[in-house]
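Asks: here is a sequence with its predicted model. Questions after.
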Amino acid sequence: MTPRGLLFYGLFGMPLAMLALPIYVYVPQFYAQRGSLTLAVIGSALLAARTAAAFIDPLLGWWIARSGGAYARFVALALPLLLLGYGALFHPPAQGGGLAWFLGALMLVYLGFGMATIAHQSWGAALTQRPGERARLAAVREGCGLLGVMTAAAVPALAGYAALSVSFAVILLLAAAVLLRKAPRPGTVLPAAGDAAMGADSVLLPFRQARFRWLFAVLLVNGVAASIPATLFLFFAEDRLRLGASAGLFLLLYFASAAASMAVWPAIAARIGEARAWMASMLTTAAVFVWAYGLGAGDSVSYACICALSGLALGADLALPPALLAATIARAGHSGRREAAYVGVWNWGVQMTLALAAGVALPALEWLGYRPNTQQGLAALSFAYALLPCGLKLLAAAMLWRAPLHDD
């Protein structure tokens, strides 16, 4: 695979990441500041919408798998859903709408995001099964995703949410055009005996593989550990650290550090294995992020160090799990035929981690006395933002150490 081919494929990760970041970082505060929805309602709505979308994703994976590798078709189908949902989410009506509008926009976004993500990742998993190329392919895709994340972090701070919507639409359409016209296509693989039917029971196919069950369990625990501080970032930055308008700069530092590490983690994985490299990143994150618990107003330099170091470890979270998933698919003998079934279930797990982070952490913080834009309940906020994710990271690392994933 040539560098140009990798880039043409991976560039579509940029608009997908521009969509993902605002939903779990900006949306809770955006609607809380409007005053029409409380934290508990916002968290419950996110939990409900993400849970519904998560259970749709395996069905989308089954549907896409039945297409025989026509991934480009589903990317094209997702585009209008993404454009409509994103615009509606950040442009609610001045009067009316409220919870119904919020839920409707979320469902449009999640449906389009699920379809586009499953098709795009299945496309990549079908392109190569070589261990070195797997990690490079994922690194390019997630590196482009980090560019999208940094764009989504910078644009609202500089020009507001209207500019973010326009930027997302332009980048989405350009990246989709490059993907559909220029990206390498997977080779044709004839279906194996029994694949032609692709019955609904194939939705559960991935869970018949022990390697996938272990990998999926690690994904869930590690994903919740990453999603909780992402959901609470703006609340912690503004109420605990009192960073004000400069909060976005720390988000940029975090993702820029992750982008800088994207070339390093595949090289480390090539030497010690993808699973061991991922485990090392989890331990690094826990060792660094625990410092955040003791921070308060004025500790911006210490927080910048935490963002930079934990961002370096984030590169492994982005590049290595998809590579391990591709290896699991290849081990099961399903490469070129059933990637979408695996990626659909995988995306279900990712959605559930985000659902749990928002749906549990936000209402729990409100119950414990935390109130946004005040000094109430800051101890609970610090615990949820720093200590809880570190404990979950250590649990995920222990599970990964025991998992049968160290032979690729």
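Replies: Now that the structure is in, tell me what you want to look at. Quick caveat: nothing in here was measured; it's all calculated off a predicted structure. Numbering: from 1, shown residues only.

Asks: please tell me how far Leu283 sits from Met262.
Replies: Leu283 is 19 Å from Met262, where distance means C-beta to C-beta, to the nearest Å. In this view, the C-beta of every residue, glycine as well, is placed from N, C-alpha and C.

Asks: the two - which one has more neighbours?
Replies: Met262 (23 against 15; other C-beta atoms under 10 Å).

Asks: sketch out the low-pLDDT regions of the stretch 201-350 of the chain for me.
Replies: 201-203, 335-338 (pLDDT under 70).

Asks: cutoff 80 now
Replies: For the stretch 201-350 of the chain, applying pLDDT under 80 flags the ranges 201-205, 244-245, 248, 332-341, 343-344, 347-348.

Asks: ok, which stretches of it are helices?
Replies: 210-235, 247-261, 264-272, 274-289, 300-331, 339-367 (DSSP state H, counting those that start in this stretch).

Asks: who are the packing partners of the second one?
Replies: Using 3 or more C-beta pairs under 8 Å, 6 or more residues apart in numbering; DSSP states H and E as the contact test, the elements touching helix 247-261 are helix 131-159, helix 210-235, helix 300-331.

Asks: what would these look like in a markdown table with distance to Leu7 and mean neighbour count?
Replies: Output for these, formatted as a markdown table (distance: least, C-beta to C-beta, whole Å; neighbours: other C-beta atoms under 10 Å):
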| stretch | distance to Leu7 | mean neighbour count |
| --- | --- | --- |
| helix 131-159 | 6 | 22 |
| helix 210-235 | 26 | 22 |
| helix 300-331 | 15 | 22 |
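
Asks: Pro58: which of those helices is closest?
Replies: In terms of C-beta to C-beta, the element of these nearest to Pro58 is helix 210-235, at 11.7 Å.

Asks: how far does the closest one sit from its chain's centre?
Replies: Computed by C-alpha atoms, centre = their mean, to the nearest Å, the chain-centroid distance of helix 210-235 equals 9 Å.

Asks: against which helices or strands is it packed?
Replies: Against helix 210-235 (3+ C-beta pairs under 8 Å, 6+ apart) you get helix 27-34, helix 247-261, helix 300-331, helix 339-367, helix 388-402.

Asks: next, format the helices of the stretch 201-350 of the chain as CSV and append distance to Gly112.
Replies: Shown next, in CSV, are the helices of the stretch 201-350 of the chain (distance: least, C-beta to C-beta, whole Å):
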stretch, distance to Gly112
helix 210-235, 20
helix 247-261, 23
helix 264-272, 29
helix 274-289, 29
helix 300-331, 20
helix 339-367, 12
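
Asks: so which of these is nearest Arg130?
Replies: Evaluated over those, closeness to Arg130 peaks at helix 300-331, with 9.4 Å, by C-beta to C-beta.

Asks: how much does that closest one deviate in direction from helix 339-367?
Replies: Using axes from the mean of the first three to the mean of the last three C-alpha atoms, to 10 degrees, one finds that helix 300-331 and helix 339-367 are set 150 degrees apart in direction.

Asks: so what secondary structure elements neighbour helix 300-331?
Replies: helix 98-127, helix 131-159, helix 210-235, helix 247-261, helix 264-272, helix 274-289, helix 339-367.

Asks: at 10 Å instead, please
Replies: Applying 3 or more C-beta pairs under 10 Å, 6 or more residues apart in numbering; DSSP states H and E, one finds that helix 300-331 makes contact with helix 98-127, helix 131-159, helix 210-235, helix 247-261, helix 264-272, helix 274-289, helix 339-367, helix 388-402.

Asks: the inter-axis angle of the third one versus helix 339-367?
Replies: Counting by the same axes, to 10 degrees, helix 210-235 lies at 40 degrees to helix 339-367.

Asks: after the helix or strand containing Asp57 comes which helix or strand?
Replies: The secondary structure element spanning Asp57 is helix 39-65 (assigned by DSSP states H and E). Sequence-wise, the next helix or strand downstream of helix 39-65 (DSSP H and E) is helix 71-89.

Asks: can you give me the buried ones in that following helix?
Replies: Residues of helix 71-89 classed as buried by neighbour count (16 or more other C-beta atoms under 10 Å): 71-72, 74-75, 78-79, 81-83, 85-89.

Asks: for stretch 367-382, same thing?
Replies: In stretch 367-382, counting by 16+ other C-beta under 10 Å, buried: Tyr370, Pro372, Gly377, Leu378, Ala380, Leu381, Ser382.

Asks: can you tell me how far Ala175 is from Phe8?
Replies: Ala175 sits 10 Å away from Phe8, going by C-beta to C-beta.

Asks: give the contact list for the nearest residue to Gln121 once chain neighbours are set aside.
Replies: Leaving out its chain neighbours, the residue that sits closest to Gln121 by C-beta to C-beta, 6 or more residues apart in numbering is Val343, at 4.6 Å. Shown in contact with Val343 (C-beta atoms under 10 Å, 6 or more residues apart in numbering): 57-58, 60-61, 64-65, 114, 117-125, 206, 322, 325-326, 329.

Asks: out of the residues you listed, which are buried?
Replies: 57-58, 60-61, 64-65, 114, 117-125, 206, 322, 325-326, 329.

Asks: on that earlier part again, between the helices of the stretch 201-350 of the chain, which gets nearest to Ala169?
Replies: Per C-beta to C-beta, nearest to Ala169 of the helices of the stretch 201-350 of the chain: helix 247-261, 21.0 Å.

Asks: hang on, the earlier thing: Ala105: which of the buried residues of stretch 367-382 is nearest?
Replies: Closest approach between the buried residues of stretch 367-382 and Ala105, by C-beta to C-beta: Pro372, at 21.4 Å.

Asks: quick revisit: of Ala175 and Phe8, who's got more company?
Replies: Ranked by neighbour count (other C-beta under 10 Å), Ala175 and Phe8 place Ala175 first, with 22 against 19.
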